[in-house]
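Peer 1: coords below, sequence missing:
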C-alpha cells in the first residue's frame, strides 16, 4: 500500500510503499487517499483508490499507469472521490479489464477500433458505439486506438459517426488520456460529421484526443464532433477538417468541434481547417458557438474560408 513515507510523492520511489518497492505487474497498488505523482511508465496488477486520492501524471513526453488485471478496476466509490490530472502525457491503460468503476460510475472499457458494420452489430468497439443501443452508455478508452483502417471503410466514407439525426449520443466517453489516431470520416453531403456526429445536452466527452484526423463533411464538421450540446473537457485534435456545403447558410466548420451549444474547457486543436462554403462560420477550434461557455482553449492551425 501507499504510505508516502519518502516524502517526494513519486510512484517510482520505493520508500513510498510498504512493499519496500514500487508495485509490480502482479501486485496491487493500493493508493488509499494518497496524492501520487507518476513521472514515467509504471505497471501494476491492479490499482485501488479511495476518497481524497489524487493521481497526477508529470512526465514531459510519456507517463502512464498500466493496469493488467482482467477483472473490473475501481478508482473511487463516489463522485469526486479520486482526482486525476493527466498533464500533457498521462494515460491509464486498461488492456484487459472489461469495466472501470470511476468515482461511482461504471464505464465499459473500449480498446479496439472494430470493423465497418460494427455500428449495426453493436460490438464493444469504437465503431460499435455508433449503434443506437449504445448511445446512452458510459465508456472509457483503455488504449490508444489506431484508426488508419477507416480510410478504406464503406467505399472511402470512413467510420460511421457516433450519434446523428434523432439518434444523438447522450452518454459519456472518457478517453483516460488516450487518442484515436489516423481517423477518416468522408461524408461531404452529410450534416454533423466527426468521430461524434451529434452529442445531446447532458453528454460528456473528456480526456480524449484525435491525431492526424482527416474529416470531411457538409455542414457541422469537426474532428471530435460535428455538433455538441454537451460538455467537452480535456480534448484535443490534429489533422485536417473540411466543410463543403451548407444547409441553412452557416457551415459551422471547426478543428475540434463544428458547432458547440454546450460547454468546453481545456481543449485545443492544431488542425488545418477549410470551408468551401462562402458565408459559413469557420474556426480553428470551433466553427460556431451559440450559446456556449469556453475556458482555457486555443487553436494553432491554419483556417481558410472562401467568399
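Peer 2: On my side now, so go ahead. Source: prediction; values computed, not measured. Residues are numbered from 1 along each chain as shown.
Peer 1: Report the contact partners of residue 32.
Peer 2: Counting by C-beta atoms under 8 Å, 6 or more residues apart in numbering, residue 32 touches 1, 2, 49, 50, 53. (Glycine included, C-beta is placed from N, CA and C.)
Peer 1: So the third one sits against residue 84, correct?
Peer 2: Right, the one you point to is residue 49. No - counting by C-beta atoms under 8 Å, residue 49 stays clear of residue 84, with 9.2 Å between them.
Peer 1: any common contacting residues for those two?
Peer 2: Residues touching both residue 49 and residue 84 (C-beta under 8 Å, 6+ apart): 55, 75.
Peer 1: So residue 151, which state does it fall into?
Peer 2: Secondary structure, DSSP: H, G, I helix; E, B strand; the rest coil: residue 151 is helix.
Peer 1: Find the residue closest to it in space, skipping its chain neighbours.
Peer 2: Leaving aside its sequence neighbours, residue 151 sits nearest to residue 184 (C-beta to C-beta, 6 or more residues apart in numbering; 4.2 Å).
Peer 1: if I look at that neighbour, how far off is residue 150?
Peer 2: Using C-beta to C-beta, to the nearest Å, one obtains 4 Å as the distance from residue 184 to residue 150.
Peer 1: any common contacting residues for these two?
Peer 2: With contacts defined as C-beta under 8 Å, 6+ apart, the residues shared by residue 184 and residue 150 are 158, 159.
Peer 1: Helices of the stretch 101-250 of the chain, start to end?
Peer 2: Using DSSP state H, counting those that start in this stretch, the helices of the stretch 101-250 of the chain run over 118-121.
Peer 1: Show me where the protein dips below the pLDDT cut-off.
Peer 2: 246-250, 278-279, 307 (pLDDT under 70).
Peer 1: swap the cut-off to 80 and go again
Peer 2: Flagging of the chain using pLDDT under 80 yields the residue ranges 245-250, 277-280, 306-307.
Peer 1: and the longest strand along it, what other elements does it pack with?
Peer 2: Ranked by residue count, the top strand of the chain under DSSP state E comes out as strand 204-221. When contacts are defined as 3 or more C-beta pairs under 8 Å, 6 or more residues apart in numbering; DSSP states H and E, strand 204-221 sits against strand 172-174, strand 179-181, strand 184-193, strand 225-228, strand 231-243, strand 257-260.
Peer 1: Can you tell me the strand partners of the longest one and which way each runs?
Peer 2: The reference is to strand 231-243. Its sheet considered, strand 231-243 pairs with strand 204-221 (parallel), strand 263-275 (parallel) by DSSP bridges.
Peer 1: of residue 184 and residue 150, who's got more company?
Peer 2: Using other C-beta atoms under 10 Å as the criterion, residue 184 and residue 150 rank with residue 150 on top: 27 against 22.
Peer 1: just the buried members of the contacts of residue 32?
Peer 2: Buried subset of the contacts of residue 32 (neighbour count, 16 or more other C-beta atoms under 10 Å): 2, 49, 50, 53.
Peer 1: and the spatially most central residue of the chain, bridged to which residues?
Peer 2: By C-alpha atoms, centre = their mean, the chain has its centre lying nearest to residue 208, at 2.1 Å. Taking DSSP bridges as the rule, residue 208 bridges to residue 235.
Peer 1: Tell me how far it lies from residue 26.
Peer 2: Residue 208 is 30 Å from residue 26, where distance means C-beta to C-beta.
Peer 1: Run a quick neighbour tally on residue 91.
Peer 2: So residue 91, with other C-beta under 10 Å, has 25 neighbours.
Peer 1: that older thread, list the contacts for the residue nearest to residue 151?
Peer 2: Residue 184 sits next to 147, 150, 151, 153, 158, 159, 213, 214, 215 when contact means C-beta under 8 Å, 6+ apart.
Peer 1: Distance of the last one relative to residue 114?
Peer 2: Between residue 215 and residue 114 the computed distance is 18 Å (C-beta to C-beta).
Peer 1: same question, the fourth one
Peer 2: Distance from residue 153 to residue 114, counting by C-beta to C-beta: 10 Å.
Peer 1: again, but for residue 240
Peer 2: Residue 240 is 23 Å from residue 114, where distance means C-beta to C-beta.
Peer 1: backbone phi and psi for residue 68, please?
Peer 2: The phi/psi pair for residue 68 (degrees, to the nearest 10) reads phi -90, psi -10.
Peer 1: Mind putting the contacts of residue 32 into TSV with secondary structure?
Peer 2: As requested, those are exported to TSV (three-state DSSP):
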residue	secondary structure
1	coil
2	strand
49	strand
50	coil
53	coil
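Peer 1: for these, which one is nearest residue 97?
Peer 2: For the contacts of residue 32, the minimum distance to residue 97 (C-beta to C-beta) is 14.6 Å, reached by residue 49.
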